[in-house]
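J.: turn this into a model:
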Amino acid sequence: MNRTWLEKDFYGILGVDENASAEDIKKAYRKLAQKNHPDANPDDPQAEERFKEISEAYSVLSDTEQRRQYDQVRRLGAGGAGFGGFGPGGFGQGTYQQQVRIEDLQDLLGGFGLGDVFGFGGSQRRGPQRGADIQTDLSISFEDAVRGVTTSIKVKGPAPCTRCSGTGAEPGTTINTCPTCSGRGVVAQNQGFFSFSQPCPHCGGSGRVIESPCTQCRGTGSENRTRNLKLRVPAGVKDGSVLRLRGKAAPGPGGGPAGDVLVRIRVAPSKVFGRRGNDLTLTVPITYPEATLGSRIEVPTLNGKVKLKIPPGTPSGKTFRVRGKGISPETGRTGDLLVTVQVAVPTRVSKEERKLLEDLAALETENPRSDLGRWSSA
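T.: Coordinates of the predicted model:
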């Protein structure tokens, strides 16, 4: 949306009544668009401009939500009688005497994207403001991530002034409420039709007056320094998670609350385990006899070893679930340990082993590739 919403009567452009139906608006647009299309008026230098104006009016009035917003702005501007008060001379040049406070229009017009038109966009702040956040990274081991750890992080940047504790005032002195704005941080300025709010010129929008600024931070309340902050990393934290230390960053201007320190966690991979949610994954090699005859093997967990039964005839790549041996987060379900077995093939064998394997191969009665035979003629 732009200023044309305030300066143009889209209903008048299309030649329809304000209560016209969507179908009437469509018919009027088609008739005017056909009549004023530049291709139909090659010798008329104004045809293209008229066509753009008609298309703009239709694009607003044919959209239910935009039409509703447009009508609301018209009603606020001139009691439903058009925009006579918004002529070339600016606001308040018509006969309207009613004052409308800009605060009452912020929710409506600000939501329409008209804050910059009226000068009360996001840059207009009142009173104390929240301080900026600081971002940093912390690298931890896989074991610390799954078990949790309390550690310290080094943060460099704005911090509360050590002399005034972030108040901006010299210790022992007082901070007074601004007498001009009564602590609101803004003052009203009448501009005919509207009453605009602007930052208080006396206190700069903070709502307070410091008679004796801190000699160390010169009244800002903050100073750049390096600090060591304690951080508790909860059990089960994931790589890429962001932990927040509230109120540990830059103090807010005008005595506002301090920002937060945002710590992004970087988890180093484990040499043994993988992770899938709260489940741990583990790949364990087994021998051919263990896979064929079955066995009981030891597998590691986060808290010692457990026995895992391998049934006879276990194929390579089969995964077993050891319940409750995964990650135990502070909130949520405890995961399991997922053990995948892989049959290990020796790269070197002795003469005796080779002889035994050859005898075993001679005794084989089943061909593991028999199912592939039906594809040989394809």
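J.: just the CA atoms of stretch 273-291, as PDB, please.
T.: Output of stretch 273-291 as PDB, limited to C-alpha atoms (Å, rounded to 0.1, in the frame of the first residue of the first chain):
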ATOM      1  CA  PHE A 273      27.900 -43.600  18.900                       C
ATOM      2  CA  GLY A 274      25.700 -41.900  16.500                       C
ATOM      3  CA  ARG A 275      22.400 -40.100  17.300                       C
ATOM      4  CA  ARG A 276      18.900 -40.200  16.000                       C
ATOM      5  CA  GLY A 277      16.700 -38.000  18.100                       C
ATOM      6  CA  ASN A 278      17.100 -39.400  21.700                       C
ATOM      7  CA  ASP A 279      18.200 -42.800  20.300                       C
ATOM      8  CA  LEU A 280      21.800 -43.800  20.200                       C
ATOM      9  CA  THR A 281      23.100 -45.800  17.200                       C
ATOM     10  CA  LEU A 282      26.000 -48.200  17.200                       C
ATOM     11  CA  THR A 283      27.500 -50.500  14.600                       C
ATOM     12  CA  VAL A 284      29.100 -53.700  16.000                       C
ATOM     13  CA  PRO A 285      31.200 -56.200  13.900                       C
ATOM     14  CA  ILE A 286      30.500 -59.900  14.400                       C
ATOM     15  CA  THR A 287      32.200 -63.000  13.000                       C
ATOM     16  CA  TYR A 288      30.600 -65.400  10.500                       C
ATOM     17  CA  PRO A 289      30.300 -68.200  13.100                       C
ATOM     18  CA  GLU A 290      28.600 -65.800  15.500                       C
ATOM     19  CA  ALA A 291      26.100 -64.700  12.900                       C
END
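J.: residues making contact with it?
T.: Residues outside stretch 273-291 that contact it (CB atoms under 8 Å, 6 or more residues apart in numbering) are 142, 146, 236, 238, 272, 295, 297, 299-302, 308, 310, 313-316, 325-329, 332-345. Yep, even glycine has a C-beta here, placed from its N, CA and C like the rest.
J.: buried ones in it?
T.: Buried residues in stretch 273-291, counted by 16 or more other CB atoms under 10 Å: 273, 275, 278-282, 284, 286, 290-291.
J.: any weak-confidence spans in the stretch 51-200 of the chain?
T.: Scanning the stretch 51-200 of the chain for pLDDT under 70 picks out 76-128, 190-196.
J.: restricted to helices, list the contacts of stretch 273-291.
T.: Using DSSP state H, 142, 146 are the members of these that sit in helices.
J.: who's the residue positioned nearest the centre of the chain bridged to?
T.: When CA atoms, centre = their mean is applied to the chain, the residue found nearest the centroid is residue 242 (12.0 Å). Note on residue 242: beta-bridge partners by DSSP bridges are residue 264.
J.: rewinding a little: among the contacts of stretch 273-291, name the buried ones.
T.: 142, 146, 236, 295, 297, 299-301, 308, 310, 314, 325-329, 335-339, 341, 343.
J.: give me the pLDDT value at residue 243.
T.: With respect to pLDDT, residue 243 has a value of 95.
J.: number of nearby residues for it?
T.: Per other CB atoms under 10 Å, the neighbour tally for residue 243 reads 17.
J.: could you find the closest non-adjacent residue to it?
T.: Spatially, and ignoring its direct neighbours in sequence, residue 243 is nearest to residue 263 (4.6 Å; CB to CB, 6 or more residues apart in numbering).
J.: wait, doesn't the one you found sit right on residue 154?
T.: No. Between residue 263 and residue 154 there is no contact under CB atoms under 8 Å: 11.1 Å.
J.: neighbour count winner among these two?
T.: residue 263 (22 against 10).
J.: tell me the pLDDT of that one.
T.: At residue 263, pLDDT is 95.
J.: how much space between it and residue 249?
T.: From residue 263 across to residue 249, the span is 11 Å (CB to CB, to the nearest Å).
J.: what do you get for residue 365?
T.: The spacing between residue 365 and residue 249, counted by CB to CB, is 74 Å.
J.: which of those two has more residues huddled nearby?
T.: Between residue 365 and residue 249, counted using other CB under 10 Å, residue 249 has the larger neighbour count: 26 against 4.
J.: so residue 29 sits right up against residue 56, yeah?
T.: No. In this structure, residue 29 is not within contact of residue 56 by CB under 8 Å, at 10.8 Å.
J.: ok, these two, which is more surrounded?
T.: Between residue 29 and residue 56, counting by other CB under 10 Å, residue 29 is the more crowded of the two (21 against 15).
J.: please name the nearest non-neighbouring residue to residue 197.
T.: In space, residue 197 is closest to residue 186, 4.5 Å off (CB to CB, 6+ apart).
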